[in-house]
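S.K.: sharing a model prediction with you, sequence too.
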Amino acid sequence: MKRKIGLVTTILLLAFLGWYLFIKPYDYLVRFEVKALPGTINQTVKLSNNSIKGSRFVSQENIAHFTYEMNHNDSIFTYEWDIQKINDSLSKVRVYVSNPDNRLQNRLKIPFADTPFKLRADQTLKTTLKTLHEHLKRIKVSIVGESEIPDTYCLCVPLKDTQRNKANGMMKNYSFLSSMVLKNNLQLNGSPLVEVTDWQVAKDSLHFNFCNPIIKPDSLPEIAGVFYKQVKGRKALKAIYNGNYITSDRAWYALLNHADNNQIEVEKKPLEIFYNNPSTGSDELNWKAEIYMPIK
């Protein structure tokens, strides 16, 4: 009997070692919790990593699961992020780290020592987590609830870009759109707005219109590169966003979360109205935007 137990134990141990050394899909696992929704974590990590030399976005299954590669001293590290929402203000994060060039060596040493691989992965993720916490201090999202998108007539520029580059498209076209209003004697009728017409969440891809509301004139002058549009009023979920307009999409995720919690069907075509001029250089937490998510 003891022989059989010993044999079974040996087989199980060898099987575990075989899995650990050769089959397990990652070398090292880091766990932590963040007081933010998965979408906010996703976009903040991307914004942070894109500024790091040697960092490369690899793929994304959804906003809660995406992968980055980083080149550390000519060695490639893979960081696979997996985010699970716990509640409206807390997410559990797992980051699976791999280094294919030294896989066997890392797996043999990690349980017994702080290897250079482990220390580098820890430091990289600590830096990212610090950036995330600092970002969360600089934004505020307040859910208002059911409201209505204002009905307005606009002069618009059609744009396409990644989600995190939305604000760049706005800044590049702000002066152009304003000059077209002045040059053609059009009268402004409200604050600049962004109307998202297509949001491919998994691809971080946006089609959107950057617009200046105007009073509709009796005759419409033809202007190259822009078009006129009636933004129709309709029911929507509304939030107030305070912070840099580069990251106003944090309110999108808050509205989607609110819709899901309250079983409200919405269209993922947010509309944003911006009330501050970023060039004034005031405290970003004083910047205000109204964010709407249309109700189906």
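M.R.: Received it, and whenever you're ready, just let me know what you need. Given the structure is predicted, the values throughout are model-derived calculations rather than measurements.

S.K.: where in the stretch 151-296 of the chain is pLDDT low?
M.R.: Along the stretch 151-296 of the chain, segments meeting pLDDT under 70 span 281.

S.K.: for it, just list every one of the helices.
M.R.: 166-183, 250-261 (DSSP state H, counting those that start in this stretch).

S.K.: distance of the one residue sitting closest to the centre of the chain from residue 194?
M.R.: Centroid check for the chain by C-alpha atoms, centre = their mean gives residue 43 as the closest residue, at 2.3 Å. For residue 43, the distance to residue 194 equals 16 Å [C-beta to C-beta, to the nearest Å]. C-betas here are computed from N, CA, C, even on glycine.

S.K.: residue 101 too?
M.R.: According to C-beta to C-beta, residue 101 stands 44 Å off from residue 194.

S.K.: output the longest strand belonging to this protein.
M.R.: strand 75-87 (DSSP state E).

S.K.: the helices of the stretch 151-296 of the chain: which one's closest to residue 54?
M.R.: helix 166-183 (22.5 Å; C-beta to C-beta).

S.K.: other residues contacting the closest one?
M.R.: If you take C-beta atoms under 8 Å, 6 or more residues apart in numbering as the criterion, helix 166-183 is touched by 155, 157, 159, 161, 186, 188, 192, 194, 206, 208, 210-212, 214, 223, 225-226, 244-246, 248-249, 278.

S.K.: write the ChimeraX selection for whichever of these are buried.
M.R.: Per 16 or more other C-beta atoms under 10 Å, the buried members of the contacts of helix 166-183 correspond to this ChimeraX selection:
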select :155,157,159,161,186,192,194,206,208,210,211,212,214,226,245,246,248,249,278
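
S.K.: contacts only, for residue 145.
M.R.: Taking C-beta under 8 Å, 6+ apart as the test, what residue 145 contacts is 237, 238, 258.

S.K.: now rank those residues by neighbours and give me the top one.
M.R.: Within the contacts of residue 145, most neighbours by other C-beta atoms under 10 Å means residue 237, with 23 neighbours.

S.K.: for that residue, give its distance to residue 253.
M.R.: Applying C-beta to C-beta to residue 237 and residue 253 gives a distance of 12 Å.
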